[in-house]
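Chemist: just need the structure, nothing else, for what follows:
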Amino acid sequence: MKFNVNNFSIQDAFFTSTPTIRWHHFDKVDETVATFDNLKKIISNEKKLYVTIYGRDILAANIARFEKIDKIVPDEEDEVTIIGNVPILYEKSVFDIPHLHSLDINDVGLEEIKPGAFGNLPLLKSLGLSNNNLTEIKTDTFVDLNVSYIDLGFNSIILLQPGAFKNLNCDILLLNENKLTEFPKDVFKNVTLRSLDLAHNLLHTIAPKALSTIALRGLILYGNKLDEIDPEVYDIQELKFLSLNVNLVKLLRPGDLRNLPELEGLSLQKNELKEIPEGVFNNTKLIYLNLNQNKITQIASKAFDDMSALSRLSIQDNNLTQWDNNWLKGAKSLADIVVSYNQITEIPDQAFKNYPSVEIISFQGNKIRNIAAKAFDKLEHVISLNLAFNEIDNWNPDLVVNVYIGTLDLTGNKLQCVEGDLETVFGKVVDIHLRDNPWNQGCVTKIDKFIKNHPPYLDFE
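Modeler: The predicted structure follows:
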């Protein structure tokens, strides 16, 4: 049973209009004047109940002083949603309710939470406080809570006082879409936290060691104003995933990740990076690395060496002009490489020799015109080879004769014909995309003949 109440503690409140309680039976709706006694009577008499109190024009400053929420929450109830205008949560507003599992106080105009508002809630797992008008989280606001989820997103928080989350044990804490400009050192005192979301704030500073002692596994800093990866700040020994997308990081330095020994996923999409030096990613446990939408023009020849766990590397939407076949030595686990929308003009011989088991390769949207005769040597079984929307005007008939390819995409190039017997040229390719090329008439006839033998698999206009 879900129980919705609009404006708790209606006793002692002053209304500009007379609010009503509306409650729903199986087949009808009843209403009565919203008094505290009426609300308790309805709850005690109705076994299947969905209650809303209407009357939003409330002037009482003490509207959020719950007269002990457990007095109006039935013993079997485990979810409560508060709807309406609740400007303040006072001390012990939500306190000593042994059966409460979930409490949502979202979008109610909440401006302040007094320390001690929440306490003695042994079964509480989810606490929603998003889309309100909070500007500050005071010391001891969330002291001693043991929950799975706290959502403070979409407020206007500019300050987290020291000890605001003291002794908190929480899986996920959302502080996204606020107005934090800095993250001080003593916010988390004796805290255990698995995932922290600080996306879309105004952060330009995180105090050294501020996040070091809370056992974080995931940290989202998307959409802030951070300009570096300082090892003193990112000293988080258990961290598995870090998102720094849409920040102002301009420079990576050797050793930047030295205090993130367990890091498996790093996303630096849409920053200001121009170079990738050696010594940043080498000998890490990274499985996923996203460098999309930067301004990268240079990658050191050994920048990606000895990344034995790396499975996906994405460098699309940058300014690379060449592909170095010496990159990624020791990347034996690499399965997916995306280099789309750069300025690369050719694919060299044995371009992927250091990771022959790669399954997905995308060079879509580059300026590739030349593909070396042995470019795909060493490859074994490729699920997808995407060369669409380049400037390829010649296809060596021997390029992929020895490579099993699930999908080969040559859409939108400048091919006029493919020499040789197509049954041999594409003999180990399952699915081929050839449309939007300037095929000459003789080649169209040859391709039409090929289509008759491969109708389900060949995309050609």
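Chemist: how far off centre is stretch 309-328?
Modeler: Its chain's C-alpha centre lies 22 Å from the corresponding centre of stretch 309-328 when counted by C-alpha atoms, centre = their mean, to the nearest Å.
Chemist: so what's Ser93 scoring on pLDDT?
Modeler: We have a pLDDT of 78 for Ser93.
Chemist: what about the helices in this structure?
Modeler: 36-45, 422-425, 441-453 (DSSP state H).
Chemist: tally of neighbours for Pro277?
Modeler: Applying other C-beta atoms under 10 Å, we find 16 residues neighbouring Pro277. No exception for glycine: its C-beta is placed from N, CA and C like everyone else's.
Chemist: with Val233 instead?
Modeler: 19.
Chemist: list the contacts of the residue nearest to it when sequence neighbours are not counted.
Modeler: In this structure, Val233 finds its nearest non-sequential neighbour in Ile206, 4.9 Å apart by C-beta to C-beta, 6 or more residues apart in numbering. The contact partners of Ile206, by C-beta atoms under 8 Å, 6 or more residues apart in numbering, come to Glu182, Phe183, Leu226, Val233.
Chemist: do the same with Ser243
Modeler: Contacts of Ser243 (C-beta under 8 Å, 6+ apart): Ala199, Leu219, Ile220, Leu221, Tyr222, Ser267.
Chemist: so what's the closest residue to Asn132 other than its chain neighbours up against?
Modeler: Nearest in space to Asn132, with sequence neighbours left out and distances taken as C-beta to C-beta, 6+ apart, is Leu110 at 3.8 Å. Applying C-beta under 8 Å, 6+ apart to Leu110 gives the contacts Ala64, Val86, Pro87, Ile88, Leu89, Leu129, Asn132, Asn133, Leu134.
Chemist: can you select the buried ones from the residues you listed in PyMOL?
Modeler: Of the contacts of Leu110, the buried ones go into a single PyMOL selection, burial set by 16 or more other C-beta atoms under 10 Å:
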select buried, resi 64+86+87+88+89+129+132+134
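Chemist: and the contacts of Leu110 as CSV, adding pLDDT and distance to Pro277?
Modeler: Formatted as CSV, the contacts of Leu110 follow (pLDDT from 0 to 100; distance: C-beta to C-beta, whole Å):
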residue, pLDDT, distance to Pro277
Ala64, 30, 54
Val86, 79, 52
Pro87, 86, 52
Ile88, 87, 52
Leu89, 85, 50
Leu129, 96, 43
Asn132, 96, 44
Asn133, 97, 45
Leu134, 98, 42
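Chemist: closest to Asp171 out of the contacts of Leu110?
Modeler: Leu129 (16.1 Å; C-beta to C-beta).
Chemist: was I right about the closest one contacting Gly109?
Modeler: No. Using C-beta atoms under 8 Å, Leu129 is not in contact with Gly109, being 11.8 Å away.
Chemist: one step back: give me the buried subset of the contacts of Ile206.
Modeler: Using 16+ other C-beta under 10 Å, the buried ones in these are Phe183, Leu226, Val233.
Chemist: which ones are touching the residue lying closest to the second one once chain neighbours are set aside?
Modeler: Counting by C-beta to C-beta, 6+ apart, Leu226 lies nearest to Asn247, which is 4.5 Å off, once chain neighbours are set aside. Asn247 makes contact with Leu221, Tyr222, Gly223, Asn224, Lys225, Leu226, Asp227, Asn271, according to C-beta under 8 Å, 6+ apart.
Chemist: name the nearest of those residues relative to Tyr288.
Modeler: So of those, ranked by how close each gets to Tyr288 (C-beta to C-beta), first place is Tyr222, at 15.2 Å.
Chemist: about what we covered before: could you export the contacts of Asn247 as a markdown table, including distance to Leu334 and pLDDT?
Modeler: Listed next are those as a markdown table, based on distance: C-beta to C-beta, whole Å; pLDDT from 0 to 100:
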| residue | distance to Leu334 | pLDDT |
| --- | --- | --- |
| Leu221 | 26 | 97 |
| Tyr222 | 25 | 97 |
| Gly223 | 29 | 97 |
| Asn224 | 30 | 98 |
| Lys225 | 33 | 98 |
| Leu226 | 28 | 98 |
| Asp227 | 30 | 97 |
| Asn271 | 23 | 98 |
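Chemist: that older thread, would you mind giving the contacts of Ile206 as CSV with distance to Ile392 added?
Modeler: What follows is the contacts of Ile206, written out as CSV (distance: C-beta to C-beta, whole Å):
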residue, distance to Ile392
Glu182, 50
Phe183, 49
Leu226, 40
Val233, 45
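Chemist: which one of the residues you listed is nearest to Ile337?
Modeler: The closest of these, once distances to Ile337 are taken by C-beta to C-beta, is Leu226, at 27.1 Å.
Chemist: and the closest one, how close does it get to Leu196?
Modeler: Applying C-beta to C-beta, to the nearest Å, the value for Leu226 to Leu196 is 14 Å.
Chemist: cool, Glu91 as well?
Modeler: 27 Å.
Chemist: shouldn't Asp305 be in contact with Lys332?
Modeler: No. Asp305 is not in contact with Lys332 according to C-beta under 8 Å; the separation is 11.7 Å.
Chemist: the two: who's more crowded?
Modeler: Asp305 (19 against 14).
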